[in-house]
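S.K.: no FASTA, just this:
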């Protein structure tokens, strides 16, 4: 009878996300245009996208200021930096807000210890960033070969099969004052250690809008996220990159369908680069985006 696709709204929403991104990706290489978000300085003052102002170093503090939003935007990984990475055009206010400092409040967990992992799907910045930037892309298109379908159900099955090697990858950069970047990585490590038994992710209205925006490639017409997302398992991934790093794979499960989300967060000086890879292989397998994380590290020129 073919696979049961009536269950698991999350799986269907993820499928819509991939297809929508495909529709907006072709030939654009648009990660250049991803908007820097509204970071927040250490004193809590909101910053405009790309604004580089912040606490002025005193006479005894000659360390360079953390990168501004404009700096981070210029260092974002691009389509040509990673094989088969297609990034849709940026520029919409809806996608810009995903990488803002306030995005850390868009998602919540039923377990406080797991809160910092609740934004894994969109790699939302954590802590109190001075500035942020980000982009979204799709990988795996090069392996797709259209097949002729025999009837609606066969066509649906083939569509799911064609997506098995595809994944949506979100890249965010966030810069911090003082020990902020180090604290973010430490927080991730602690949460991964404590949340292996699973937890539940829920989204605020802003979080739902952010998910919809990614699913629609920035057009704001993605599928509605109308309920909590249960994380059935969480495992740490060994990673040795940058000055420090944390990585994990969490599996969101519903009605027998599991959707793996692999995340790598690496620190270079005051900057944290986070890469989230959502696989559309509903068997529950996925690939940690280590190559994208390394490519992003290589782009952080002048950061120490």
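M.R.: Yes, it's here. Just so we're clear, the structure is a prediction, and the values are computed from it rather than from any experiment.
S.K.: and the end-to-end length of stretch 264-276?
M.R.: Stretch 264-276 has an end-to-end distance of 7 Å (CA to CA, to the nearest Å).
S.K.: What average pLDDT does stretch 177-192 get?
M.R.: The average pLDDT within stretch 177-192 is 97.
S.K.: That one: which residues count as buried?
M.R.: 177, 180, 181, 182, 184, 185, 187, 188, 189, 191, 192 (16 or more other CB atoms under 10 Å). Where C-beta positions appear, they are placed from N, C-alpha and C, glycine not excepted.
S.K.: Adding secondary structure and distance to residue 275, write the residues you listed out as TSV.
M.R.: Output for the buried residues of stretch 177-192, formatted as TSV (DSSP: H, G, I helix; E, B strand; the rest coil; distance: CB to CB, whole Å):
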residue	secondary structure	distance to residue 275
177	coil	23
180	helix	19
181	helix	16
182	helix	19
184	helix	14
185	helix	14
187	helix	17
188	helix	13
189	helix	16
191	helix	17
192	helix	15
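S.K.: which residues touch residue 236?
M.R.: Residues near residue 236 by CB atoms under 8 Å, 6 or more residues apart in numbering: 192, 193, 246, 247, 248.
S.K.: Inside helices: which ones of those residues?
M.R.: Judged by DSSP state H, the contacts of residue 236 include 192, 193 as members of helices.
S.K.: okay if I get the contacts of residue 236 as TSV plus distance to residue 303?
M.R.: Putting the contacts of residue 236 into TSV (distance: CB to CB, whole Å) gives the following:
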residue	distance to residue 303
192	25
193	28
246	18
247	20
248	24
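S.K.: Produce a ChimeraX select command limited to the buried residues of the contacts of residue 236.
M.R.: With 16+ other CB under 10 Å as the criterion, this ChimeraX line picks the buried residues out of the contacts of residue 236:
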select :192,246,247,248
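S.K.: among the contacts of residue 236, which two are most distant?
M.R.: 193 and 247 (12.8 Å; CB to CB).
S.K.: on that earlier part again, of all the contacts of residue 236, which comes closest to residue 129?
M.R.: Checking the contacts of residue 236 one by one against residue 129 (CB to CB), the nearest turns out to be residue 246, at 16.5 Å.
S.K.: for the residue lying closest to residue 117 once chain neighbours are set aside, what are its contacts?
M.R.: Once flanking residues are discounted, residue 117 sits nearest to residue 191: 5.0 Å by CB to CB, 6 or more residues apart in numbering. Applying CB under 8 Å, 6+ apart, we find residue 191 in contact with 113, 114, 115, 116, 117.
S.K.: do the same with residue 116
M.R.: Residues near residue 116 by CB under 8 Å, 6+ apart: 104, 126, 184, 187, 188, 191.
S.K.: Could you rerun that using 10 Å?
M.R.: Residue 116 makes contact with 104, 107, 109, 124, 126-127, 184, 187-192, 195, 246, 265, according to CB atoms under 10 Å, 6 or more residues apart in numbering.
S.K.: Likewise for residue 172?
M.R.: 34, 37, 72, 76, 98-99, 103, 119, 122-126, 129, 132-136, 265, 272-276, 296.
S.K.: Out of these, which sit inside strands?
M.R.: Among these, the members falling in strands (DSSP state E) are 37, 132, 133, 134, 135, 136, 265, 272, 273, 274, 275, 276.
S.K.: So which of those residues sits lowest on pLDDT?
M.R.: The member of the ones in strands among the contacts of residue 172 with the lowest pLDDT is residue 37, and it reads 37.
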